[in-house]
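> Here's a sequence, model it:
(2 chains)
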There are 2 protein chains.
Amino acid sequence: MTQQTVEFFWDPASPYTYLASTQIEALTARAGARLEWKPFLLGKVFEATGNRMPAAVPAKGKHLFIDVQRWAQHYGVPVNMPKIFPLNSVLALRAAVAAATHGKAAEFAKAAMKAYWADGLDVSQPDAVATVAAVVGLDGAALLAQTQEQPVKDQLRANTDEAVKRGAFGAPTFFVGERLFWGNDRLVLLEEYLCGKLAA
Amino acid sequence: MTQQTVEFFWDPASPYTYLASTQIEALTARAGARLEWKPFLLGKVFEATGNRMPAAVPAKGKHLFIDVQRWAQHYGVPVNMPKIFPLNSVLALRAAVAAATHGKAAEFAKAAMKAYWADGLDVSQPDAVATVAAVVGLDGAALLAQTQEQPVKDQLRANTDEAVKRGAFGAPTFFVGERLFWGNDRLVLLEEYLCGKLAA
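I've put the predicted structure just below:
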């Protein structure tokens, strides 16, 4: 059997994507699948699909962080509500594209999401992005310079357009081939699918 | 320790509420909790909170039934996409309020959701509601007559207003005291909370 690949479209602006990022490597390892981290800009996905962030509904927004804290307890991972929310994630995502060119796609993604959702770093800011770069062994100034290069900007836009074209409307979004799984709360179904326990 | 009560606000229009209805009795039994079935009108909850049904976002709507089918497989329960969707659930919900006065709150709720989401019955229609009534041993004509009584209508409205006031914005909504759990996909967290494994 060919090895399956899980494409993980992520944006650090999304708390449920952070939660999923703490679980997905163990999940794909259990299922014997490859994992590909693909940064994308959730705000543009919302624009393109007419979807909107949960906090756009006040009652949902009020419940959101309670729910996120429950998941964090369930997983046994840290979470702290960021002081700046929602997050402008463009710079962090461009830096993630740049980090991938140095073989640090997974490391940077996990570090960026943990920085924002657990460690109180405002990763919309260059200094915080440089800190994340250092955590994964990259030169912060060089990585920030790379975020201004057109191919880096274009790659982020291409990832976003690709996700929308393939049916994404939120985050986290996972693809196995053209099968879409949406949400941290669908990791159970994703794993069952990878293990042949779900038909589609 | 006082026995805990789970209040389950349900509307047959919601596929995730149907899915939850197939699991909640076993869950509360495992946790030693009481279960209270409370019909409410999801459309009015959306109106009151500014929330909207998932299918209001086309890409989400396209994904919805695939996702629902995966959950049905996961649980091992039947599901068939209704021919009429979305559902006008007012009559079925009033009948549920009436059925509760005959001690059939749980039975009618489960039968109404199964009728719509598995058996192809359009429970917006009186004949289908009468069929559901018969399934749970009630007289269909008498129950339909009861749906026209003001106290029945008022009770449904009161349940809906109560849910909104307590923070509900979608379905299924579960309360344990004033702790809200939203979604079939939060049953795991609800059970952990009931069993003392989550702080809040």
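
> all strands for chain A, in order.
Using DSSP state E, the strands of chain A run over A:5-10, A:34-39, A:173-176, A:179-182.

> So for residue A:86, which of these sits nearest?
strand A:5-10 (15.4 Å; CB to CB). Quick note: C-beta positions are derived from backbone N, CA and C, even for glycine.

> Give me the helices and strands touching the closest one, please.
helix A:15-21, helix A:24-31, strand A:34-39, strand A:173-176 (3 or more CB pairs under 8 Å, 6 or more residues apart in numbering or on different chains; DSSP states H and E).

> closest one to chain B among the ones you listed?
strand A:173-176 (9.9 Å; CB to the nearest CB).

> count of neighbours near residue A:137?
For residue A:137, the count of nearby residues is 11 (other CB atoms under 10 Å in any protein chain shown).

> Please verify my assumption that it contacts residue A:103.
No: using CB atoms under 8 Å, residue A:137 makes no contact with residue A:103, being 10.1 Å away.

> where does the nearest residue to residue A:175 once chain neighbours are set aside land on pLDDT?
In this structure, residue A:175 finds its nearest non-sequential neighbour in residue A:7, 4.4 Å apart by CB to CB, 6 or more residues apart in numbering or on different chains. The model reports residue A:7 with a pLDDT of 98.

> Residue A:7 bridge partners, please.
residue A:36, residue A:175 (DSSP bridges).

> right, and it touches residue A:172 too?
No: in this structure, residue A:7 is not within contact of residue A:172 by CB under 8 Å, at 10.6 Å.

> Looking only at neighbour counts, state which of these two leads.
residue A:172 (26 against 19).

> and chain A, which of its residues are near chain B?
A:49-51, A:56-60, A:62-63, A:66-67, A:69-71, A:73-74, A:164, A:167-170, A:180, A:182-183, A:185-186, A:188-189, A:192-193, A:197-200 (CB under 8 Å from any CB of the partner chain).

> Could you rerun that using 7 Å?
A:49-51, A:57, A:59-60, A:62-63, A:66, A:70, A:73-74, A:167, A:169, A:180, A:182, A:185, A:189, A:192, A:198-200 (CB under 7 Å from any CB of the partner chain).

> The closest residue to residue A:89 other than its chain neighbours: how many residues sit nearby?
Nearest residue to residue A:89 in three dimensions, chain neighbours excluded: residue A:13, at 4.4 Å (CB to CB, 6+ apart). Using other CB under 10 Å, the number of residues around residue A:13 comes to 26.

> Tell me the pLDDT of residue A:13.
98.

> who touches residue A:49 in this structure?
A:164, A:169, B:57, B:59 (CB atoms under 7 Å, 6 or more residues apart in numbering or on different chains).

> still on that earlier bit, give me the buried subset of the residues of chain A next to chain B.
In terms of neighbour count (16 or more other CB atoms under 10 Å in any protein chain shown), the buried residues within the residues of chain A next to chain B are A:49, A:51, A:57, A:59-60, A:63, A:70, A:73-74, A:167, A:169, A:180, A:182, A:185, A:189, A:192, A:198.

> So which of the residues you listed sit within helices?
Residues of these located in helices (DSSP state H): A:49, A:59-60, A:63, A:70, A:73-74, A:189, A:192.

> which residues touch residue A:182?
By CB under 7 Å, 6+ apart, the neighbours of residue A:182 are A:170, A:173, B:63.

> Could you point out which of the residues you listed is nearest to residue A:37?
residue A:173 (12.1 Å).

> wait, doesn't residue A:40 sit right on residue A:9?
Yes: between residue A:40 and residue A:9 there is a contact under CB atoms under 7 Å: 4.7 Å.

> Look up the residues that both of those two are in contact with.
In contact with both residue A:40 and residue A:9: residue A:163, using CB under 7 Å, 6+ apart.

> Could you check how many residues crowd around residue A:183?
There are 21 residues near residue A:183, going by other CB under 10 Å.

> can you check residue A:112 too?
31.

> cool, and the one 10 residues further on?
If you count neighbours by other CB under 10 Å, residue A:122 ends up with 17.

> State the distance from it to chain B.
Look at residue A:122 and chain B: by CB to the nearest CB, to the nearest Å, they are 26 Å apart.

> ditto for residue A:105
In terms of CB to the nearest CB, residue A:105 sits 26 Å off from chain B.

> list the contacts for that residue?
Residue A:105 neighbours (CB under 7 Å, 6+ apart): A:37, A:99.

> ok, back up a step: closest one to residue B:27 out of the contacts of residue A:182, please.
residue B:63 (25.9 Å).

> Can you give me the pLDDT of the closest one?
96.

> Let me know whether it touches residue A:180 as I believe.
Yes: Residue B:63 is in contact with residue A:180 according to CB under 7 Å; the separation is 6.1 Å.

> okay, and the common contacts of these two?
With CB under 7 Å, 6+ apart, residue B:63 and residue A:180 have common neighbours residue A:167.

> Spatially nearest residue to residue A:78, not counting backbone neighbours?
Residue A:78's closest residue in space is residue A:118 (CB to CB, 6+ apart), at 4.2 Å.

> er, residue A:54 actually
residue A:60 (4.8 Å).

> do you know how far the one you found is from residue B:182?
Distance, residue A:60 to residue B:182, using CB to CB, to the nearest Å: 8 Å.

> Cool, thanks, talk later.
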